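Asks: Coordinates for the following, if possible.
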Amino acid sequence: MNVRDKLYPFFQYWLALGLFLQLAGRCFITDGSRYTAIVNLMLFLPALFAVVLLWSRIDSWQRPLHIVLLGLLGWVLIVALFNEGSDGDLLRWLRVTLYAWLYLKAISLVMQERRLWQWLLVAVVLTAGVFAWGSLVQAL
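Replies: Sure, this is the predicted structure:
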């Protein structure tokens, strides 16, 4: 068992925690100030590390949906580059497309472990339910 095989489950659990904090984090942080830092540190940074370190384990770009996604992200960058009315410059849109790609890769890595994905979804739904119930009790 090489290092990449040992790192794979570690990154899956780290990304699952990051996805949980991203999906249910709005319940815990009301002002949004620390939310971005938490999501960047717990989701996007490990997703970037996982893509770089586990490139051989991540599915290839030969699938039709990956080609469509790559085309869509490329189209966004082309419009940002050549459209004078684009909202923001090319670097901003490059960052946005990188975030979108990393988010999809994080979901893909976590979904490869079916039980982990199911537990993540249950935890998010339960957390949202508890906070919805709590806000209802507080309002009444």
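Asks: Spit out the contact partners of Leu73.
Replies: Thr97, Ala100, Trp101 (C-beta atoms under 8 Å, 6 or more residues apart in numbering). In short, each C-beta sits where N, CA and C put it, glycine included.
Asks: Kindly reformat those residues as CSV containing secondary structure, neighbour count and pLDDT.
Replies: Output for the contacts of Leu73, formatted as CSV (DSSP: H, G, I helix; E, B strand; the rest coil; neighbours: other C-beta atoms under 10 Å; pLDDT from 0 to 100):
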residue, secondary structure, neighbour count, pLDDT
Thr97, helix, 19, 90
Ala100, helix, 14, 90
Trp101, helix, 16, 88
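Asks: Name the nearest of the residues you listed relative to Leu140.
Replies: Of all those, the one sitting nearest Leu140 is Ala100; the distance, using C-beta to C-beta, is 39.8 Å.
Asks: how much space between the closest residue to the closest one other than its chain neighbours and Val3?
Replies: With sequence-adjacent residues excluded and distances taken as C-beta to C-beta, 6 or more residues apart in numbering, Ala100 is closest to Leu73, at 6.8 Å. From Leu73 across to Val3, the span is 30 Å (C-beta to C-beta, to the nearest Å).
Asks: pLDDT score for Phe35?
Replies: Small correction: residue 35 is Tyr, not Phe. Tyr35 carries a pLDDT value of 75.
Asks: And Gly32, by the same measure?
Replies: 60.
Asks: Around the nearest residue to Met111 once chain neighbours are set aside, how many other residues sit close by?
Replies: Using C-beta to C-beta, 6+ apart and skipping residues adjacent in sequence, the residue nearest Met111 is Trp117, 4.8 Å away. Neighbour count for Trp117, taken as other C-beta atoms under 10 Å: 16.
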